[in-house]
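**Q** compute the structure for the input listed below.
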Amino acid sequence: MASPSPSVETLKEETFQDPSKNIDVSKSLHSSPSPSVDSRGRDESPNPYTKFDSRAAAKSRAKREMTASLDDLSKVKERVLKSVSSDPENPPVDTMSIASSSHSLFSSGIGTIDEAGANDEAGASNGTGASNGAGAGAGASNEAGTSNRAKTSDKAKSSDGAKAKADNEPKFNTSDLFRTNSLWDFVQVDSQEELDLSEMTLEDQQEALLYELIYTLSGIRGELIIPLPRNPNATGINQFETNFRVHEGIDKSLAEMVNEILPLASNFVAIQKVMAFTEGRGQVNNALIAALRDLSQDFLLLLAQAEGELEVNSLTLTKMLYYMQPTLLVMNDMWSVLSKILLFDLKGAALLTHMCECIKRLAGNESTLKPMIDLTAKAAQPYMATLQLWIQKGVIVDNYNEFMIMDNESNQKGQLGEHFFNVYWEKRYTIRSECVPSFLENYSDIILRTGKYLNVIRQCGKREMPSLKMDVRYNPRDEKQLVKVLNNAYNYSAQMLLDVLLNENDLMGHLQSVKRYLLLCQGDFIMEFMDACENELAKNVDQVLPMALENLLGLSLRLSSARNDKYKDNLHCELLTYDLVTQLSKIMKPTDVKWETTDRLDLSGLECFAFTYQAKWPVSLVINHTTISKYQMLFRQLFYCKHVERQLCNIWKNNSIANNLPSYAFTLRQRMMNAIQNLEYYMMIEIIEPNWHQFVVNIRKVENIDELFILHQDFLDVCLKNCMLTEQSHLNRAIFKLCKICLKFCEFTKSANKDQSSNDKVKEGSMDQSNANAQRVKNFDSEFTSLLISFLKQLNDLAQANTGDRFIYLVHRINFNGYYSEEIEKLRDIKCS
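**A** Got it, this is the predicted structure:
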C-alpha cells in the first residue's frame with residue numbers, strides 16, 4: 001500500500017463524518033431497533049450525522065445509543081443464561097449482575113464485573129458476569145453477527161459430512177466460561193448449524209469471516225475461526241497467548257489475511273487477563289487496570305465502527321487489515337510489556353519501575369511510546385497522591401503497604417526507653433527500599449525527611465500548620481517538574497522546623513548553656529564545683545553518691561553567676577562506666593559492642609565523671625544523646641586537665657616550706673604546669689572559641705534544619721579532631737599519660753612533705769631520705785620529659801602532614817623557647833639510624 005496505515009482516531013473520524021460509512025450502533029447492539037431511539041418517525045429527527053464534527057462528539061453519541069440499547073437482554077445473552085442454568089453442575093445464575101450491566105457499562109470504563117460476580121470465585125458467577133456484554137464492540141457483534149450468519153445460512157445447504165464435522169467441534173462447556181474482566185475468553189455462545197462453505201462464493205466467505213473476525217477480536221469463539229487449546233506445559237509469555245485455526249474450507253488468500261489479524265485477538269484477550277488477574281493487588285495495579293479499560297474501550301469502539309461498515313457492505317478483509325495494522329503493532333508491544341506483570345507478579349513500586357524501564361527501551365517508537373507513557377502516568381497517580389499527602393501534611397494513608405515510607409506505630413514511648421524522642425526520630429519512620437520506584441530512588445531521603453519535619457512540628461503542638469500548595473504528578477517525559485515539587489516541599493518543611501527550633505524553642509540559648517558547662521566556659525562555676533566535689537570525686541567510682549553530686553551541683557550553680565541561666569536545671573551529673581579512652585572508641589566505632597560488655601574498672605570518680613544536658617523536645621533533635629556524648633569527650637579531657645592544674649598549684653604552696661626536696665623539683669613542677677596550662681589554652685582558646693564563633697555566624701545564614709544539623713556536627717567534629725580526641729592519632733592517650741605522671745608527682749610531693757614533718761621530730765636518717773627523694777624527682781623528670789618529647793614529636797609530624805590542622809600551635813606554645821627542640825632532633829636521628 002502506498003499510503004500509510006490510518007490510526008484508530010482517523011478511522012473514527014472518517015466513520016462518523018461520512019454518513020455512507022457511519023455505524024448504526026443501535027443495530028449492532030440489538031437485533032431489533034430500540035424503541036427509545038428508532039420508534040420515532042423519520043421526519044421527527046434530523047440527520048444525526050451532521051451533529052458530529054469531532055471525535056469527542058462522535059464517541060459521546062455512540063455511548064448514549066449503546067447504553068440505551070442495552071436495557072433489554074439480547075438473544076445471545078438469553079441463550080447463555082439458558083445454557084448455564086440448565087447445567088446441574090453449575091450453581092444458580094446471579095441475574096443481578098445481568099440487570100446492572102447497562103448501568104455499569106460506561107461508569108467503569110468498558111463494562112466491568114459487578115461486585116457480586118467479581119467477588120464470587122465459583123465458575124457460575126464468572127459465567128454470569130460474562131453475560132453482561134463484551135463492551136461496546138462485543139455486544140454489537142453478538143446480535144448483528146448472529147443475524148447475518150443466519151441470513152447467509154438460509155442460502156447454503158448443509159451436508160451430512162458437515163454435520164459430522166460439527167459434532168467434533170468444541171461444544172459449550174462451563175470450563176470455557178473463563179471470564180476476563182468483562183470479556184469472554186473465546187467462549188462459544190451459540191450452537192448453530194455449520195455453514196456449507198463449498199457452496200459459498202468468495203464474497204460470502206469474506207463476509208462470514210469478517211463477522212467471525214469481529215467476534216474473535218472481542219474474545220468470543222466462532223465457527224470459522226477456532227482458538228486452539230493452550231499447551232499446559234507452556235512457560236513464560238506463551239502460557240497466556242492463544243493460537244487459532246481457520247476453517248480449512250476458507251479460501252487460502254482470505255485465510256492468510258485473517259491470520260495476519262488474529263495476533264491482535266490473542267494480545268487483546270491476554271491484556272484482559274492482566275486486568276483480571278491483577279485487580280485488587282493494590283492501588284497502583286487498580287489504576288493501571290482503569291487506564292487499560294479506557295484503551296480497551298477505544299479498541300471496542302474501533303470494532304463497532306468496523307461492524308458498522310460491514311453492515312453497509314463497505315468493509316473487506318483487505319480494508320480490515322489496513323485499518324487494524326497500526327493497532328496490531330501497538331497492541332503487540334503493549335502485551336510484551338504487560339506480560340511481565342503476570343510473569344513476575346509485579347505490583348506497586350515494582351510495577352512502576354518496570355513501566356519506566358520499558359519506556360526507556362521504547363524510545364523512538366512513538367506509536368507505542370505515547371500510550372505507554374499515558375498508562376504509566378495514570379498507574380502512578382495513587383502513588384503520587386500518597387506521596388503528596390506525606391510531603392504536604394506528613395500523613396501516611398497506605399492500606400496496601402505500597403508506599404516507600406513505613407510508619408512504625410508500634411514503637412511507643414514506653415517501649416523506647418530513656419532516649420524516646422531520639423529513637424522516635426530515627427525509627428518511627430523508615431524507608432522500604434523495595435517500595436521505592438526507580439524514578440524516586442535518588443530523592444527517597446529528601447522525601448523521608450520532609451514528612452518527618454512536618455511530624456516534628458505537629459509533635460510540638462502546632463496542630464494548624466500552613467501547607468504548601470502543590471500538584472504531585474509523574475510525567476515520564478519530564479521528571480524535572482516532579483523533582484522541583486519535591487525540593488520545594490522539602491525546603492518549606494525544613495525551613496518551618498528551623499523557625500520552630502530557633503524562634504519558638506530558643507535553640508541558641510540551649511547551645512550557649514551547653515557551651516558554658518560542658519566546655520568549661522563558665523569559669524567561676526567550674527572552680528566552685530571542683531572545690532565542692534573534690535573529695536567526693538577522689539573516691540572510687542563505686543563509692544561516689546550520685547545524689548551528693550547532684551546536690552553539690554545545684555549549690556555551685558546558685559553560688560556562681562550561672563544562677564542567672566534559665567536553662568541551668570537541664571544540667572545534671574553522670575557517672576559513666578568507662579574512662580575517656582573507652583568512650584572515644586564508642587563514639588568513633590558505634591557498631592562495636594565490646595565497650596558494652598566491659599566490666600567497670602578500678603576507676604576514680606574523677607575519671608568517670610561527666611556533665612550531661614537533658615534537653616526537651618524538640619531541642620533534643622539537635623542536642624541529642626550522640627552530640628552530648630561528643631560534648632562529654634571534650635568536657636572530660638578539659639576537666640581532667642583542669643584537675644591536674646589545680647593539683648600542681650596546690651603543691652606549689654607545699655614546696656615553699658619543703659626542705660628535703662632538691663631545687664630542680666620546683667623546676668619540674670613549673671615545666672609540668674606550663675605544659676598543662678598551654679594544653680588547656682590551646683583547646684579552649686585556639687580551638688573551641690574560634691570554631692564556636694564561626695558556628696554561630698553560620699547559623700544565622702542557614703535556610704533549613706538540615707544545614708543546622710550539618711553545621712553543629714561539623715563544629716563538634718572539628719573540635720574533637722583538633723583537641724586530639726580521635727582514635728586514629730592516639731594523641732589522647734599521650735595526654736592521659738602526661739596527666740597521670742603529673743598527678744603521681746603531686747602525690748609524691750605531698751608524701752615528701754609529710755615525711756619532713758615527722759623527721760623534724762626524729763632527726764635520724766634525714767640524709768638518706770633526701771637522697772631517695774632526689775632520685776625520685778630525677779626519675780619523674782626523666783619520665784615526664786620523655787613523654788612530653790614523644791608527644792611533641794607526634795604533634796609536629798601531624799602538623800607537617802596536615803597543614804590545615806592547628807597542632808603546630810600547641811608545639812610552639814609548649815616549646816616556646818626551643819628547650820625541647822634538641823631532644824626532638826636527637827630522637828629523630830636515632831630513629832633514622
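**Q** what are the boundaries of the strands in the stretch 651-800 of the chain?
**A** Counting by DSSP state E, counting those that start in this stretch, the stretch 651-800 of the chain forms no strands at all.
**Q** an error on my part: the question was meant for the stretch 351-500 of the chain.
**A** Residue ranges of the strands in the stretch 351-500 of the chain, as given by DSSP E, counting those that start in this stretch, are 405-407, 429-431.
**Q** which helices and strands sit right next to the helix or strand containing residue 253?
**A** Element membership for residue 253, per DSSP states H and E: helix 252-278. In terms of contact count using 3 or more CB pairs under 8 Å, 6 or more residues apart in numbering; DSSP states H and E, helix 252-278 is assigned the packing partners strand 179-180, helix 202-217, strand 244-246, helix 283-311, helix 317-344. To be clear about C-beta, it is placed using only N, CA and C from the backbone, and glycine gets the same treatment.
**Q** what's downstream of the second one, the next helix or strand?
**A** Right, the one you point to is helix 202-217. strand 225-227.
**Q** which of the residues in that next one are buried?
**A** By neighbour count on 16 or more other CB atoms under 10 Å, the buried set for strand 225-227 is 225-227.
**Q** same check on stretch 303-320?
**A** Residues of stretch 303-320 classed as buried: 303-311, 315-317, 320 (neighbour count, 16+ other CB under 10 Å).
**Q** just the mean pLDDT for it, thanks.
**A** Average pLDDT, stretch 303-320: 92.
**Q** how about the CA coordinates for that stretch, as PDB?
**A** This file holds the C-alpha atoms of stretch 303-320, laid out as PDB (Å, rounded to 0.1, in the frame of the first residue of the first chain):
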ATOM      1  CA  LEU A 303     -14.600  -2.900  16.300                       C
ATOM      2  CA  ALA A 304     -18.100  -1.300  16.500                       C
ATOM      3  CA  GLN A 305     -17.100   1.100  13.700                       C
ATOM      4  CA  ALA A 306     -15.800  -1.800  11.600                       C
ATOM      5  CA  GLU A 307     -19.000  -3.700  12.100                       C
ATOM      6  CA  GLY A 308     -20.900  -0.600  11.000                       C
ATOM      7  CA  GLU A 309     -19.100  -0.600   7.700                       C
ATOM      8  CA  LEU A 310     -19.700  -4.300   7.400                       C
ATOM      9  CA  GLU A 311     -23.400  -3.700   7.800                       C
ATOM     10  CA  VAL A 312     -23.500  -1.400   4.800                       C
ATOM     11  CA  ASN A 313     -21.300  -3.800   2.800                       C
ATOM     12  CA  SER A 314     -18.300  -1.400   2.600                       C
ATOM     13  CA  LEU A 315     -15.800  -3.500   4.600                       C
ATOM     14  CA  THR A 316     -13.400  -6.100   3.100                       C
ATOM     15  CA  LEU A 317     -10.700  -8.200   4.700                       C
ATOM     16  CA  THR A 318      -8.100  -6.100   2.900                       C
ATOM     17  CA  LYS A 319      -9.600  -2.900   4.400                       C
ATOM     18  CA  MET A 320      -9.900  -4.500   7.800                       C
END
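**Q** just checking, what packs against the longest helix anywhere in the chain?
**A** The helix spanning the most residues in the chain, taking DSSP state H as the definition, is helix 766-801. Packing partners of helix 766-801 (3+ CB pairs under 8 Å, 6+ apart): helix 664-681, helix 731-759, helix 807-814, helix 821-832.
**Q** compute the inter-axis angle for the third one and helix 664-681.
**A** With axes from the mean of the first three to the mean of the last three CA atoms, to 10 degrees defining the directions, helix 807-814 sits at 150 degrees from helix 664-681.
**Q** helices or strands up against helix 807-814?
**A** helix 664-681, helix 766-801.
**Q** mean pLDDT for the ones you listed: which is lowest?
**A** Of all these, mean pLDDT reaches its minimum on helix 766-801 (a mean of 84).
**Q** buried ones in that one?
**A** 770, 773-774, 776-777, 780-781, 784, 787-796, 798-799.
**Q** and if you look at stretch 675-693?
**A** For stretch 675-693, by 16+ other CB under 10 Å, it's 675-680, 682-684, 687-688, 691-692.
**Q** quick one: which two of these are the most distant?
**A** Longest distance between any two of the buried residues of stretch 675-693 is 24.6 Å, between 675 and 692; criterion CB to CB.
**Q** for residue 285, give its distance to residue 383.
**A** Residue 285 sits 11 Å away from residue 383, taking CB to CB, to the nearest Å as the criterion.
**Q** need the overlap of contacts for the two.
**A** With contacts taken as CB atoms under 8 Å, 6 or more residues apart in numbering, residue 285 and residue 383 have residue 348 as neighbours in common.
**Q** contact partners for residue 485?
**A** Counted by CB under 8 Å, 6+ apart, residue 485 has contacts 470-472.
**Q** if any of these are buried, put those into a PyMOL selection.
**A** Per 16+ other CB under 10 Å, the buried members of the contacts of residue 485 correspond to this PyMOL selection:
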select buried, resi 472
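**Q** using JSON lines, lay out the contacts of residue 485 together with distance to residue 820 and pLDDT.
**A** Shown next, in JSON lines, are the contacts of residue 485 (distance: CB to CB, whole Å; pLDDT from 0 to 100):
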{"residue": "470", "distance to residue 820": "65", "pLDDT": "87"}
{"residue": "471", "distance to residue 820": "70", "pLDDT": "87"}
{"residue": "472", "distance to residue 820": "66", "pLDDT": "90"}
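**Q** and which of the contacts of residue 485 is nearest residue 350?
**A** For these, the nearest to residue 350 is residue 472 (20.2 Å; CB to CB).
**Q** show me what contacts the residue nearest to residue 571 when sequence neighbours are not counted?
**A** Spatial nearest neighbour of residue 571, chain neighbours left out: residue 517 (5.2 Å); criterion: CB to CB, 6 or more residues apart in numbering. Residue 517 makes contact with 525, 562, 571, 611, 613 under the criterion CB under 8 Å, 6+ apart.
**Q** likewise residue 343?
**A** So residue 343 contacts 236-237 (CB under 8 Å, 6+ apart).
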